[in-house]
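Student: below is the sequence, then the predicted model.
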Amino acid sequence: MLAESLTLSAALFTIGVVGVLTRRNAIIVFMCVELMLNAVNLSFVALSRLYGATGQVFVIFVMTVAAAEAAVGLAIIIAIFRHKKSVNLQDINLLRG
Amino acid sequence: MQNEFLPLFYTFHFYLFGLIALVGAIVFVTRKSPVAAALWLVVVMFALAALYVMLDAQFVGMMQILVYAGAIMVVFLFVVMLLNLGHPSDLNDMRGKLGRLLAGLVGLALVAELMALTRSEVTMKLVVPPVENAAAGTAGIIGPIAGPLFKEYLLAFELTSVLLLVAIIGAVVLAKKRSN
């Protein structure tokens, strides 16, 4: 089942990348990043069957970082929404000269 | 190691959950409404949790449901509803005839599978397979994960607690209303 797992992981990661590149809603872009992290977790778990349980330890670290990232990222989105009244990424151009 | 036990049963469900994850991900990326997208992502995460359990990572599968589907996605949905981004029409309407028929068929198939499994001889064969190495035998499922986590990666583990604290404080500071 290793080949299937890695193929599925690659497919999910690609779908996440496509989502990040094509969507304009900042929250959906964040969810696509979560999907990419999930895809990486799947390959970690699949390979941990071959190389020992250390891969699963890394999955737990990835989950922790994903939780922290979601909390801070969504707080930033809330702050931006208060400022701009929008979560469209094309409206967020504060650094443009 | 489940491959020796009911290989067809195992393979079928592996492909089934893989297909659910793939289709769910594609539907998730193509949804317009953030609420629908979040719920489809929850479907993907449940399918991935099933795959983790089938890949002998039961603890990670449980963590996936508790942390990802339970906590992170709830935060996402909470923010979507806080910012009032979901369309109200998406939240409380029933699907069309085709959708309801499909949902009914899926539900019936699941119930039939559960009933057939509980009555068949197959469940007798679904005993816990013997573990490969002796260390895993005494440590159970969580032991092989907890060992490295609290030995080799103890520093990283402690640092994640600092990371979470920083993330909590940062989120509160960022999301707080500025009072003039």
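Tutor: Alright, I've got the coordinates.
Student: what about A:Ala10, neighbour count?
Tutor: Residues lying near A:Ala10 (other C-beta atoms under 10 Å in any protein chain shown) number 13. Any C-beta I mention is one placed from the backbone N, CA and C, and that applies to glycine too.
Student: contact partners of stretch A:45-62?
Tutor: Contact partners of stretch A:45-62, identified using C-beta atoms under 8 Å, 6 or more residues apart in numbering or on different chains, comprise A:1-2, A:5-6, A:9, A:37, A:40-41, A:44, B:51-52, B:55-57, B:59-60, B:63, B:144-145, B:147-149, B:153, B:156, B:160.
Student: likewise stretch A:21-34?
Tutor: Taking C-beta under 8 Å, 6+ apart as the rule, stretch A:21-34 contacts A:15-17, A:19-20, A:66, A:69-70, A:73-74, A:77, A:80, A:87-90, A:92, B:28-29, B:34, B:37-38, B:41, B:68, B:72, B:76, B:79-80, B:83, B:85.
Student: show me the helices in chain A, by range?
Tutor: A:2-22, A:26-51, A:54-84 (DSSP state H).
Student: return the most buried member of these.
Tutor: Comparing these by mean neighbour count (mean count of other C-beta atoms under 10 Å in any protein chain shown), helix A:26-51 ranks first with a mean of 21.
Student: after the lowest-mean-pLDDT helix or strand in chain B, next one along is what?
Tutor: Ranking every helix and strand in chain B by mean pLDDT, DSSP states H and E puts helix B:88-91 at the bottom, with a mean of 54. Proceeding C-terminally, helix B:88-91 gives way to helix B:97-119 as the next helix or strand, assigned by DSSP states H and E.
Student: quick one: that following helix to chain centroid distance?
Tutor: Relative to the mean C-alpha coordinate of its chain, helix B:97-119 is positioned 21 Å out (C-alpha atoms, centre = their mean, to the nearest Å).
Student: now swap in stretch B:41-48 and tell me
Tutor: Taking C-alpha atoms, centre = their mean, the mean C-alpha location of stretch B:41-48 is offset from the chain mean by 5 Å.
Student: send the alpha carbons of it over as PDB?
Tutor: The C-alpha atoms that make up stretch B:41-48 are tabulated as PDB, following Å, rounded to 0.1, in the frame of the first residue of the first chain:
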ATOM      1  CA  LEU B  41     -12.200  19.500   3.900                       C
ATOM      2  CA  VAL B  42     -13.600  17.800   7.100                       C
ATOM      3  CA  VAL B  43     -14.700  14.800   4.800                       C
ATOM      4  CA  VAL B  44     -11.100  14.600   3.400                       C
ATOM      5  CA  MET B  45      -9.700  14.600   7.000                       C
ATOM      6  CA  PHE B  46     -12.000  11.800   8.100                       C
ATOM      7  CA  ALA B  47     -11.000   9.700   5.100                       C
ATOM      8  CA  LEU B  48      -7.300  10.400   5.800                       C
END
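Student: how about that stretch and chain A, any contact?
Tutor: Yes - where contact is defined by C-beta under 8 Å from any C-beta of the partner chain, part of stretch B:41-48 touches chain A, namely B:41, B:44-45, B:48.
Student: neighbouring contacts of that stretch?
Tutor: A:12, A:31, A:34-35, A:38, A:41-42, B:17-18, B:20-21, B:24-25, B:28, B:64-65, B:68-69, B:73, B:76.
Student: again, 6 Å this time
Tutor: Around stretch B:41-48, the neighbours that count as contacts under C-beta atoms under 6 Å, 6 or more residues apart in numbering or on different chains are A:31, A:38, B:17, B:20-21, B:24-25, B:28, B:68-69, B:73.
Student: secondary structure for those residues - can I get that in CSV?
Tutor: Below are these laid out as CSV (DSSP: H, G, I helix; E, B strand; the rest coil):
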residue, secondary structure
A:Met31, helix
A:Asn38, helix
B:Phe17, helix
B:Ile20, helix
B:Ala21, helix
B:Gly24, helix
B:Ala25, helix
B:Phe28, helix
B:Tyr68, helix
B:Ala69, helix
B:Met73, helix
